[in-house]
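[1] how would this look folded up:
(chains A and B)
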Amino acid sequence: AQSVTQLGSHVSVSEGALVLLRCNYSSSVPPYLFWYVQYPNQGLQLLLKYTTGATLVKGINGFEAEFKKSETSFHLTKPSAHMSDAAEYFCAVSDGGRRGNNRLAFGKGNQVVVIP
Amino acid sequence: KAGVTQTPRYLIKTRGQQVTLSCSPISGHRSVSWYQQTPGQGLQFLFEYFSETQRNKGNFPGRFSGRQFSNSRSEMNVSTLELGDSALYLCASMVREGGNTEAFFGQGTRLTVV
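    As a prediction, the model looks like this:
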């Protein structure tokens, strides 16, 4: 079974400071990895994804993440936090739809608070 | 292109009742997945439908069921509601492109059981 660990349910960051959200995964097959963002009373919006190829992935709103197989990690970063980044962030893993299985396994999420 | 539409957005039900939630995927998408989101358990996979067939099922009791119609619209049903069923239910419209599958989520249905 695949799983994701996100530590620190609440993360506070000053406006203009680095945003770093950690994600470690467990998977018995090469993983497909995702970061989603959720604003209050909304669904999930895809920020970025890693499937194959380049391990540094750039997404929307200035976010990027790096896949490190040796560390089983897919940490999310943004160089400079903006007030609009306040939201909940979820890391997820899947096996990419192999064998017809499109199930996503999510971490518990990080609630990001941006301090002016 | 229209996104994933979930109806209703909010719902209040009484314990013991049953409820049906609806999801219309993005046009052309044939796979629909359902997830339950609660503060305690986070996001948990309920089931996935593809071409009117349930392809995968999560670890939920039989009170949770679903179906998919020929136009790919999907419904999920929860019978004999319990307080713990209060949650945000998210539907994802799935498409396979370039060898991998991407999920597009609706805004969810917020179910409150009282």
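[2] Centre-most residue in chain B?
    residue B:34 (3.1 Å; C-alpha atoms, centre = their mean).
[3] nearest spatial neighbour of it, skipping sequence neighbours?
    Nearest residue to residue B:34, sequence neighbours excluded (C-beta to C-beta, 6 or more residues apart in numbering or on different chains): residue B:46, at 4.1 Å. C-betas here are computed from N, CA, C, even on glycine.
[4] hang on, isn't that neighbour packed against residue B:61?
    No - the criterion here is C-beta atoms under 8 Å, and residue B:46 misses it with residue B:61 at 10.9 Å.
[5] thinking again about what came up before, my reading is that the residue nearest to residue B:34 is in a helix; is that accurate?
    No - if the criterion is DSSP: H, G, I helix; E, B strand; the rest coil, then residue B:46 is strand and not within a helix.
[6] That one: neighbouring residues, count only.
    Residue B:46 has 22 neighbours, counted by other C-beta atoms under 10 Å in any protein chain shown.
[7] Residue B:10 too?
    Residue B:10 has 10 neighbouring residues, counting by other C-beta under 10 Å.
[8] How about it, nearest residue that isn't a chain neighbour?
    residue B:110 (4.9 Å).
[9] for that neighbour, which residues make a bridge with it?
    residue B:10, residue B:88 (DSSP bridges).
[10] contacting residues for it?
    A:41, B:9-11, B:87-88 (C-beta atoms under 8 Å, 6 or more residues apart in numbering or on different chains).
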